[in-house]
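In: this one's sequence-less:
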């Protein structure tokens, strides 16, 4: 249907297609009866964009078809504020890379760039007026509200930087300074959106409408992670790399729940299809080529096992390569390759010390942590502190170590006995109310409401098993982490469990030789 012939109700249905939630639906309908909607989507210029970015791009195409005025914000300042995910010296390069990639993606799906407005955050976020509004917000917003708003988006650490708590306020102000009616984002942004609804009126600005996409799972069926190569497809991956990753993708026969391959069909391939069709080519003996015109039929065929995972993956591979080819072509030039190198420079690892020598490198990486699986043999109350336990821990050494943990009142003593945990073993021993603690028990911890969970090693683990992080397996731990060097403090700031309860450091998963380490239920909280 042509844009000019669309009624307000037609535009509304196209705008809300495949969205999980809309806050302010009544306001959206009222605006559409009078004029076209002004909307923005923003992206912080941090890690490399992957194919999941086609999900918001598909909605941008819907918004344009519905006559919306669309602004795309490259949130460069946000990228720096979010625990410095984008170092200041790399910020300009990464923003340039994001702009090039996003525009190449939009061109690959047939979106005319002249209908879009592209803005960089630092073009207006450093102005006198914007800065004054930031100061005004800081006089209204509590620490609790700022941390709560950013809980699903801003990297959560034990001792958060003030910059991360400013992040939600800036995102709220963007709605006013970009002069839009609505902001679009993933459902993980919901707390920031409700934060904006609460605080913008206190500054004298109107509430905006908020449109939310569902979170599409990565190839492994969980969150798409930059550290797990099998969970994501980079936009510049070769056709062979894409095929290899798709072959490994979670796509259990008949399982339509959290199926990443089906999700990509639903949220990207079908909405972007010019004829609203999805064709699966297969030999006659396996049912022959079949064409679907809606997602429900695809899901039903898969659930009833009339559509085989292998055939579905081959079809997705074909469609996906057609989307990615223009992006690959745009970045296959010396200039663009240099840009990528500048934006994401390879960190050269220093050579480790010879076997048996102390690790004296100044590079702060988690390889310097002596993390091991330990078994708690006995738990007693601390004789001088009601909030502390004294644990006797088997680490497969000559004798057990004594570990002091602040778990009293949070975890029962009985539940700890004979339990395996992860212990940091090269901190300098320290006396805690008269009793020396010789290691640290690692736990996922939430402040509000207070909750603590031990990190669980994989099934089959044994005391003494080494614990390490993906991409940082090599290297020798320090004999002892010197307090003056603050190595542990620097590394702990990026230790957390992610949205899938998996322990990680800067998106690198914590592991043993038997698999990944996780907690039972806490999500997106620090590890202490």
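Out: Yep, it's here. Keep in mind it's a predicted model, so treat the numbers as computed, not measured.
In: against residue 170, how distant is residue 386?
Out: The spacing between residue 386 and residue 170, counted by C-beta to C-beta, to the nearest Å, is 42 Å. C-beta here means a position set from N, CA and C on the backbone, and glycine is covered the same way.
In: report the longest helix in the chain, please.
Out: helix 309-330 (DSSP state H).
In: report the mean confidence score over the helix or strand following that one.
Out: Moving toward the C-terminus from helix 309-330, the next helix or strand (DSSP states H and E) is helix 334-343. For helix 334-343, mean pLDDT is 92.
In: pull out the buried positions in helix 334-343.
Out: Going by neighbour count (16 or more other C-beta atoms under 10 Å), the buried part of helix 334-343 is 336, 339, 340, 343.
In: re earlier: which one's more surrounded, residue 386 and residue 170?
Out: residue 170 (21 against 8; other C-beta atoms under 10 Å).
In: following the helix or strand containing that one, which helix or strand shows up next?
Out: Assigned by DSSP H and E, residue 170 belongs to helix 162-177. Later in the chain than helix 162-177, the nearest helix or strand by DSSP H and E is strand 182-186.
In: residue 185 and residue 212 touch, don't they?
Out: Yes. Counting by C-beta atoms under 8 Å, residue 185 does reach residue 212; the two are 6.4 Å apart.
In: tell me, what's touching those two both at once?
Out: residue 193 (C-beta atoms under 8 Å, 6 or more residues apart in numbering).
In: just so I have it, where are all the helices in the stretch 251-400 of the chain?
Out: 260-264, 270-272, 295-303, 309-330, 334-343 (DSSP state H, counting those that start in this stretch).
In: residues in contact with the second one?
Out: By C-beta under 8 Å, 6+ apart, the list of residues contacting helix 270-272 from outside reads 17-18, 54, 58-59, 61-62, 109-110, 276, 278, 294-295, 323.
In: okay if I get the residues you listed as a markdown table plus neighbour count and distance to residue 329?
Out: Shown next, in a markdown table, are the contacts of helix 270-272 (neighbours: other C-beta atoms under 10 Å; distance: C-beta to C-beta, whole Å):
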| residue | neighbour count | distance to residue 329 |
| --- | --- | --- |
| 17 | 14 | 30 |
| 18 | 16 | 28 |
| 54 | 27 | 17 |
| 58 | 21 | 21 |
| 59 | 24 | 24 |
| 61 | 19 | 20 |
| 62 | 19 | 25 |
| 109 | 18 | 15 |
| 110 | 9 | 15 |
| 276 | 11 | 27 |
| 278 | 22 | 24 |
| 294 | 13 | 32 |
| 295 | 18 | 30 |
| 323 | 18 | 12 |
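In: quick one: which of these is nearest residue 495?
Out: residue 54 (31.3 Å; C-beta to C-beta).
In: how near is the closest one to residue 264?
Out: 8 Å.
In: buried set for stretch 445-458?
Out: Neighbour count says stretch 445-458 has 445, 446, 452, 453, 454, 455, 456, 457, 458 buried, by 16+ other C-beta under 10 Å.
In: could you do stretch 410-429 as well?
Out: 411, 416, 419, 420, 421, 422, 423, 424, 425, 426, 427.
In: dump those residues to JSON lines, plus pLDDT and secondary structure.
Out: What follows is the buried residues of stretch 410-429, written out as JSON lines (pLDDT from 0 to 100; DSSP: H, G, I helix; E, B strand; the rest coil):
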{"residue": "411", "pLDDT": "93", "secondary structure": "coil"}
{"residue": "416", "pLDDT": "96", "secondary structure": "helix"}
{"residue": "419", "pLDDT": "95", "secondary structure": "coil"}
{"residue": "420", "pLDDT": "96", "secondary structure": "strand"}
{"residue": "421", "pLDDT": "96", "secondary structure": "strand"}
{"residue": "422", "pLDDT": "96", "secondary structure": "strand"}
{"residue": "423", "pLDDT": "96", "secondary structure": "strand"}
{"residue": "424", "pLDDT": "96", "secondary structure": "strand"}
{"residue": "425", "pLDDT": "95", "secondary structure": "coil"}
{"residue": "426", "pLDDT": "94", "secondary structure": "coil"}
{"residue": "427", "pLDDT": "93", "secondary structure": "strand"}
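In: now render those residues as TSV, adding distance to residue 100.
Out: Output for the buried residues of stretch 410-429, formatted as TSV (distance: C-beta to C-beta, whole Å):
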residue	distance to residue 100
411	50
416	52
419	50
420	48
421	46
422	41
423	46
424	42
425	46
426	44
427	45
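In: looking at those residues, which is nearest residue 477?
Out: residue 426 (5.6 Å).
In: quick one: low-confidence parts of this structure?
Out: Applying pLDDT under 70 to the chain flags residues 1-4, 83-86, 153-160, 219-231, 347-362.
In: circling back to that earlier point, quick one: which of the helices of the stretch 251-400 of the chain is nearest residue 463?
Out: Across these (criterion: C-beta to C-beta), the nearest stretch is helix 260-264, sitting at 36.4 Å.
In: other SSEs contacting that closest one?
Out: Applying 3 or more C-beta pairs under 8 Å, 6 or more residues apart in numbering; DSSP states H and E, one finds that helix 260-264 makes contact with helix 295-303, helix 309-330.
In: make TSV out of the ones you listed and add distance to residue 71.
Out: Listed next are the helices and strands packed on helix 260-264 as TSV, based on distance: least, C-beta to C-beta, whole Å:
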stretch	distance to residue 71
helix 295-303	29
helix 309-330	22
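In: so which of the ones you listed is nearest residue 38?
Out: helix 309-330 (27.5 Å).
In: in that closest one, what's buried?
Out: For helix 309-330, by 16+ other C-beta under 10 Å, it's 309, 311-317, 319-320, 323-324, 327-328, 330.
In: tell me the one among those nearest to residue 237.
Out: For those, the nearest to residue 237 is residue 324 (7.5 Å; C-beta to C-beta).
In: how close does the closest one sit to residue 168?
Out: Applying C-beta to C-beta to residue 324 and residue 168 gives a distance of 33 Å.
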